[in-house]
Structures are given as structure tokens and as C-alpha cells.
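Participant: how would this look folded up:
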Amino acid sequence: MLNVKQICAAVTGLLLSSSAAWSATCADLEKQGLTYENMKSTLSSVVSLDNGGLGFPMWLTLVDGSGIICNVTNSLSASQDVTADIWLGSRNISAQKANAANAFSTGDLALSTANLYTATQPSGSLYGLQASNPIDPTLSYGGSAVRFGAKNDPLKGKRIGGINVFGGGLALYNSAKQKVGAIGVSGDTSCTDHVVAWKVRELLAGGAFAVKNVPAGVSPGNNDAMIQDIVKDNGIGNQASLSGFGHPTCLHNPGPGVNAGSIYGAVQ
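Facilitator: Alright, predicted model coming up:
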């Protein structure tokens, strides 16, 4: 029979394991290298590459496992104006994408926001999903614009919700294949948003959250890559995805820098 000391030790171990499996917090993610500075420098380095699309500056949002926003940053330089030199509306969109990728990915299956596109179209099995968890405007539009994208962005520490169903949102998994949060990228075409998010995830914290950690997915590579397999259905003009998880192609996609396809998360 177990004595009191052994029972207490067993209960303590159970509680610790349960809390560890529950959700990674922003503090946990920062300890693992997902700092504001790391996110800013990684995003800026990726945006400087050829990612297809329009070559515009980008927003990047990180949420923890419960959907709380840990950081919001962008690729602007210190001399650029956040209200004039980047799509201002994409700040909230990046947060929506991070929330959606986190909310609809699990420890068993990763779904990028790009994977949600087809099923949420009219007559799709998830039609209306994008309206199911609306963004909280009282939180998402608060604060001074001079703080947008800064280390003290007004969104930081808030859970604003929101669902977005085009490219740019990816869940984050650690080396144990545990979901610990998600990132959302916005500011260019939706295909380029996905490509940039994919490259950023590969580089963040020295590759600690790279696609190799994804437990499973719906793409041919068994991960959360964008699938570009939408075709005209029977010549009558309706669009159909052969896989059921397809996403449209975009302007200048793929570009010269993304021809490798699945390497950057876009499968054609």
C-alpha cells in the first residue's frame, strides 16, 4: 500500500504532467527563443527574399497555445510609417490567421489557414466557419497606432479571436510534436503570406519549430502545406478542389524563388 508521501508525490507528478500538456504560454515560447527581436529579424530576413507576390512588407503575429497574442511585429524599417507604408488592415488579419491555425490544429493534425479555404466556400462542409469565432473589435482596434508592430503592440497579451481561411497561418510544434501555438503572416497576396509564414517557421528559434515537427497534415507531404489543386468543375465554371483542401493560385505565384513548391509549403 502506498504511504502518504508516495501518494503526494504521485499526485504532484500527475498535476505537473497535466499542466505541461495543457498549453504553452507566451512566457514558455519566449524561453524557447520566440522573442520579439527574433521574430522581427526573422521576418525581415525572409521578406527580403523572392517570395512571389507583390514584394510588400509583412505583419507577423504569434499566439500561444490558448490563443493569447504574444507578439506582433512587421518588416518595416525604423524610417517607415506604419500607417502609410504597409497594409494597415493586415495587422488584424495576421492575428486572425494565427488564432485560426492554432484553434483548428491539434497534437494529431495540423491545418494551415490555406487548408481551410475550400471547405469554407458556399456548399462546403465548413461553410460559415470564418464567422464562427469573430474578432473582438474592442480589443483589436485599441491603442495608439505608433505602437502597432512594436514590442508593446496593444494586441499583446490579448485573445482577440478571429478566423481567416486563406494562406498565412501555421501552427507551431516543438520537437516532441506538441502544438505550442501558431503564427500568422499577412501583407501580400495570400499565397505569398503562406510562403513567408512557411519560411519564417523554418527559421524561428534556429529551426526549433520547423515543419519536420508537424505530426500530420492533409497535404501530399503529410503536413500543412498549401495545396493548389483547384480546377474548373465539369466545364460549368464552378471551382472544385481535387483534394478538398485546395487554395487558389495568386498573382506572381509561384515566383522564381518559390518554384521548389513543397519546400516552401505550396504543392501544385
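
Participant: With adjacent residues omitted, what lies nearest to P215?
Facilitator: With sequence-adjacent residues excluded and distances taken as Cβ to Cβ, 6 or more residues apart in numbering, P215 is closest to K177, at 4.4 Å. For glycine as for every other residue, the C-beta is placed from the backbone atoms N, C-alpha and C.

Participant: my bad, should have said W87
Facilitator: Counting by Cβ to Cβ, 6+ apart, W87 lies nearest to G187, which is 5.3 Å off, once chain neighbours are set aside.

Participant: and stretch 80-92, average pLDDT?
Facilitator: On average, the pLDDT along stretch 80-92 is 96.

Participant: again, but for stretch 38-45
Facilitator: When pLDDT is averaged over stretch 38-45, the result is 98.

Participant: Ok, stretch 61-68 next?
Facilitator: When the per-residue pLDDT values of stretch 61-68 are averaged, the result is 97.

Participant: returning to that earlier point: let me know whether the residue nearest to W87 touches M58 as I believe.
Facilitator: Yes. In this structure, G187 is within contact of M58 by Cβ atoms under 8 Å, at 3.8 Å.

Participant: any residues in contact with both of these two?
Facilitator: Applying Cβ atoms under 8 Å, 6 or more residues apart in numbering, one finds that G187 and M58 are jointly contacted by 74-75, 86, 90, 94, 193.

Participant: Which of those residues sits closest to V211?
Facilitator: In terms of Cβ to Cβ, no member of the shared contacts of G187 and M58 lies closer to V211 than D193, at 16.4 Å.

Participant: give the contact list for the residue nearest to A205 when sequence neighbours are not counted.
Facilitator: Distances taken as Cβ to Cβ, 6+ apart place G33 nearest to A205, at 3.0 Å, with adjacent residues excluded. G33 makes contacts with 204-206, 208, as judged by Cβ under 8 Å, 6+ apart.

Participant: can you count the residues close to L139?
Facilitator: Residues within reach of L139, counting by other Cβ atoms under 10 Å, total 17.

Participant: how far does the helix or strand encompassing it sit from the chain's center?
Facilitator: L139 belongs to helix 137-140 when elements are defined using DSSP states H and E. For helix 137-140, the distance from its own C-alpha centre to the chain's C-alpha centre is 20 Å (Cα atoms, centre = their mean, to the nearest Å).

Participant: Tell me the strands beside the helix or strand following that helix, with direction?
Facilitator: For helix 137-140, the succeeding helix or strand toward the C-terminus, using DSSP H and E, is strand 169-173. Paired strands of strand 169-173, with direction, are strand 179-186 (antiparallel) (DSSP bridges).

Participant: Show the secondary-structure elements that the following helix or strand past the partner strand is packed against.
Facilitator: Read in the C-terminal direction, the helix or strand following strand 179-186 is helix 190-203, with elements assigned using DSSP H and E. The criterion is 3 or more Cβ pairs under 8 Å, 6 or more residues apart in numbering; DSSP states H and E, and the helices and strands that helix 190-203 contacts are helix 36-47, strand 169-173, strand 179-186, strand 266-267.

Participant: got the buried residues for helix 190-203?
Facilitator: 190-203 (16 or more other Cβ atoms under 10 Å).
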